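Visitor: got a predicted model here, sequence first, then my questions.
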Number of protein chains: 2
Amino acid sequence: MFEPSIAPDRAAGPAGELLLTDWYQLTMLQAYLAEGLTDIAVFEFFVRRLPAQRQFLLAAGLEQVLDYLEHLRLDDAEWAALQRSGRFDGAFLAALRGLRFAGDVDAMPEGTVFFAHEPILRVTAPLPQAQLVETRIINLLQFQTLVASKAARVRLAAPGRELVDFGLRRAHGAEAGLLGARASYLAGFDATSAVPAGLRWGIPLAGTMAHSYVQVHDSENAAFDAYARACPQAATLLIDTFDTEAAARRLVPLVHRLAADGIVVRAVRIDSGNLGELARRVRAILDQGGLQQVRIFASGSLDEHSVAGLVAGAAPIDGFGVGTRLCTSDDQPWLDCAYKLQAYGGRPKRKRSEGKATWPGAKQVYRSLDAAGQLAGDVLTTLQDPCPGRPLLQPVMRAGRRLMPSPDLEALRAHAAMELQRLPPAWRDLQPVARDPVRIAPALQRLCREVDALADAQPAPVSPPPPAPEQLQNE
Amino acid sequence: MFEPSIAPDRAAGPAGELLLTDWYQLTMLQAYLAEGLTDIAVFEFFVRRLPAQRQFLLAAGLEQVLDYLEHLRLDDAEWAALQRSGRFDGAFLAALRGLRFAGDVDAMPEGTVFFAHEPILRVTAPLPQAQLVETRIINLLQFQTLVASKAARVRLAAPGRELVDFGLRRAHGAEAGLLGARASYLAGFDATSAVPAGLRWGIPLAGTMAHSYVQVHDSENAAFDAYARACPQAATLLIDTFDTEAAARRLVPLVHRLAADGIVVRAVRIDSGNLGELARRVRAILDQGGLQQVRIFASGSLDEHSVAGLVAGAAPIDGFGVGTRLCTSDDQPWLDCAYKLQAYGGRPKRKRSEGKATWPGAKQVYRSLDAAGQLAGDVLTTLQDPCPGRPLLQPVMRAGRRLMPSPDLEALRAHAAMELQRLPPAWRDLQPVARDPVRIAPALQRLCREVDALADAQPAPVSPPPPAPEQLQNE
């Protein structure tokens, strides 16, 4: 089942983006071109099922997808490597070299709340273009949506608290660290520790100090004094290297001495032990020492559940550093998502594999709000079936060109905050309790039956339609 | 607790590797330089605790760490962005611009089996250099080790079966997809679908076809015929788009017709449903049709447990495509790992935070094999305490230069295979049953007590030493 390998080419260095794809995309592309299958195809990216621990998802990653599509081309080194492989003929390589993405994209803005079955991105393009980009589109949308959705839960768990992304080191590679910082900021985090994410997207950068910094000094107070002088208005001092309470007690006179020199210690960080209990004791020590203005920052294997527990227990913690469990979305590190063919040459298509059946055709999602401005429900329907409510997929690219400049990350973040505000209380709960709000419109159900009837004209047995949401079954 | 943000700089494009770090590394660096804390520091990367579902880990990622250290420098765009931030003084920026990694690295070869508390990499360098690289070193070593360790479990679960990495689309970003392909090949996978991983490292590339390919044709057989002609010796045909058994039955006469034209169909792929049962039925259909040579390839949310179940049930499956759950290491998407200061200026150091205490000083691991050549046990000790067995950490970089060229990935893969062979049966089991094989040498225990005694001369209360392995407690 293996096809011949392409020869290694260390000299080529990092491959460009066009080849950042699966091998079968290239072999299928070659076949499509040989067969002349270059009609317009419609593909949609959607999530088949929400994870058990998520009540909603927050769309993210569109900006990187559009950037990828705009710059899609085969660079010289990639072309040479493919040629040396001997696997592809000259006509195909020439076609690949000339390939640009010239299609249309419609999508939900980043930061939009969405649910299972709802496409968040639709690509309409000649089949070879629309197919080739499948791998990277899933790669970009799944990961950022995963982290944004997790970060939104942490944000809902800690209203009013400062939240800092500490994920870079435990993220799965560099790109995950940076895109994870972006996704968590989009979802409502306040800052990140990842320097390149600050440089690229203007995300506020934050940090404290490491245990190693404390350890290379002769004493904790020597370390605190030196660090406060190096960061004279902004130091957060890490007080758990040896004994947290003892460090807090010794810190009090030092902070007063530093203040006399005009140096402000902003906060202390606790990174281990029982965070709630230690925060209470440290708060008491600081308050008794007249340091009410010194804040307490906590970190260490936190997620939405532990943060919610600390907040519910009224722990005097002003901010949280959340890293590993956020950037890996550790309770659910992947989404059951797909980028699937919905139509080809004007004919709607759907997949009927067991457990993986899809709704056919290019689709739109309409969202209704109730009188209080809260999310009331969504309708999933065909493009030709306008429904009440706001259509969530908007045109963002036509003929390979963006229709507007990249939106500012701050604007997307404000949109995400508004989306979370519009969630009815049941949907904000960390434990899934809400009902699926997506209704399948009659027009889409009709189309589904028509597509199946047409397919069954072929000698292939009927398979059941995708499971309909509960509401629909009751209608 | 936030420090001022650096201004965004879209023009700078992707940041270079020197700034691929946490913000606190830069603020600590500035403080270290201001204080003259530039003595030699020793840092080690290790895993504190094995995940509950892992009996061993497989070291991976060293090659990328050495590459990073060799090329560490601040590029012009990064320098300009930092300067514009106004956050750092000119002396610091000049120092950062001149910074190169000129230290030593000792490490276990990639593909080596290791356990909790054992360092797999040691950095010995002036403190500012050794500190700055913490973030990226953890980022590179954790992820590849995670995937290599997961892939090793799949390899052990499916002896003799072909294993293909399908992870790129669900990996956390592009780098994770490519490094995940590398790590799984290192651990014994046979191929990957990720094109750039084939180009960079010579990993065999494999692929089948997508459901969309089937759907754009008028019938499944039209799609199979066209694809087989496009890949005349190597086609694997995806037969589950509509009805798997019906597709297999219709395929039989087509494969014979293609054979008459000299076109070989190598395999069929099943991607949904009850894989074991469908494989049995498809095998029977193919065999009855005289197609004993057509192999069966299975995919769809597989991991080591489902693969082991299919193998134990004697499912007639010749190869497995494993993607999502491999490249996200989904049952355990992170390691409790650290890159910790072990010595500074010749003085051993250790952290005593609750639940995060470490063994002090630069360390070595000695591995003993039994008479049958199987792993008998490891000893963790100080550098000055030679023990029986093979020392696992080897010099790989001195004064910032590699001591030898990059090892071939094939050689590392052979080493990993040998390491897995040397595991006694209890350690190969997917369910953790084996005892921790790491013994802490008396010399290291003595050093730990000495370091604590010295630290306690300061007014900091005693905290317990790290939990000793079970064997030791019984001695």
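Guide: Received it, and whenever you're ready, just let me know what you need. Numbering: from 1, shown residues only, chains lettered A, B, ... in the order given.
Visitor: what ranges does the stretch 101-250 of chain A have for its helices?
Guide: A:127-132, A:134-157, A:174-186, A:195-201, A:211-215, A:220-230, A:244-260 (DSSP state H, counting those that start in this stretch).
Visitor: now the longest one: how far from the chain's centre is it?
Guide: Relative to the centre of its chain, helix A:134-157 is centred 2 Å away, using Cα atoms, centre = their mean, to the nearest Å.
Visitor: so for that helix, what gets flagged as buried?
Guide: A:134-157 (16 or more other Cβ atoms under 10 Å in any protein chain shown). All C-beta atoms are positioned from the backbone trio N, CA, C, and that covers glycine.
Visitor: quickly check: it near chain B or not.
Guide: Yes. For helix A:134-157, a contact with chain B is found by Cβ under 8 Å from any Cβ of the partner chain, at A:134, A:135, A:136, A:138, A:139, A:140, A:142, A:143, A:146.
Visitor: low-confidence ranges, the stretch 1-150 of chain A, go.
Guide: Across the stretch 1-150 of chain A, the ranges flagged by pLDDT under 70 are A:1-16.
Visitor: hmm, residue A:208 is touching residue A:296, no?
Guide: No. If you go by Cβ atoms under 8 Å, residue A:208 and residue A:296 don't touch, sitting 11.7 Å apart.
Visitor: identify the contacts common to the two.
Guide: Both residue A:208 and residue A:296 are in contact with A:267, A:269, where contact means Cβ atoms under 8 Å, 6 or more residues apart in numbering or on different chains.
Visitor: how's chain A carved up into domains?
Guide: Under the assignment automatic domain parsing, the domains of chain A span A:10-147+A:334-473, A:158-327.
Visitor: what's the closest non-adjacent residue to residue A:175?
Guide: residue B:173 (3.3 Å; Cβ to Cβ, 6 or more residues apart in numbering or on different chains).
Visitor: so how far is residue B:163 from the one you found?
Guide: From residue B:173 across to residue B:163, the span is 23 Å (Cβ to Cβ, to the nearest Å).
Visitor: distance of residue A:403 relative to chain B?
Guide: 19 Å (Cβ to the nearest Cβ, to the nearest Å).
Visitor: and that residue, backbone torsions?
Guide: Note on residue A:403: backbone dihedrals following degrees, to the nearest 10 are phi -80, psi -20.
Visitor: could you check how far it is from residue A:412?
Guide: Separation of residue A:403 from residue A:412 (Cβ to Cβ): 16 Å.
Visitor: mind checking the SS state of residue A:321?
Guide: strand (DSSP: H, G, I helix; E, B strand; the rest coil).
Visitor: contact partners for it?
Guide: A:164, A:165, A:166, A:193, A:208, A:269, A:297, A:298, A:299, A:302.
Visitor: of those residues, the lowest pLDDT goes to which?
Guide: Of all the contacts of residue A:321, residue A:208 has the smallest pLDDT value, namely 88.
Visitor: please name the spatially closest residue to that one (chain neighbours excluded).
Guide: Leaving aside its chain neighbours, residue A:208 sits nearest to residue A:236 (4.0 Å; criterion: Cβ to Cβ, 6+ apart).
Visitor: tally of neighbours for that neighbour?
Guide: Using other Cβ atoms under 10 Å in any protein chain shown, residue A:236 has 29 neighbouring residues.
Visitor: quick check: beta-bridge partners of it?
Guide: Going by DSSP bridges, residue A:236 is paired in beta bridges with residue A:267.
Visitor: so it versus residue A:206, what's the distance?
Guide: Taking Cβ to Cβ as the measure, residue A:236 falls 8 Å from residue A:206.
Visitor: dihedrals phi and psi, residue A:441?
Guide: phi -70, psi 150.
Visitor: so what's residue A:161 up against?
Guide: Applying Cβ under 8 Å, 6+ apart, the residues contacting residue A:161 are A:307, A:311, A:317, A:318, A:319, A:320.
Visitor: pretty sure the residue nearest to residue A:208 contacts residue A:213?
Guide: No. Here residue A:236 does not reach residue A:213: they are 11.7 Å apart, not a contact under Cβ under 8 Å.
Visitor: get me the contact residues on the stretch 301-450 of chain A for chain B.
Guide: Residues of the stretch 301-450 of chain A lying near chain B (Cβ under 8 Å from any Cβ): A:318-319, A:324-325, A:328-330, A:333-334, A:340-341, A:344-345, A:349, A:351-356.
Visitor: please work out which of the helices of the stretch 101-250 of chain A is packed deepest.
Guide: helix A:174-186 (a mean of 29; mean count of other Cβ atoms under 10 Å in any protein chain shown).
Visitor: that one - what's its average pLDDT?
Guide: Per-residue pLDDT over helix A:174-186 has a mean of 98.
Visitor: off-centre distance for it?
Guide: Between the centre of helix A:174-186 and the centre of its chain there are 8 Å (Cα atoms, centre = their mean).
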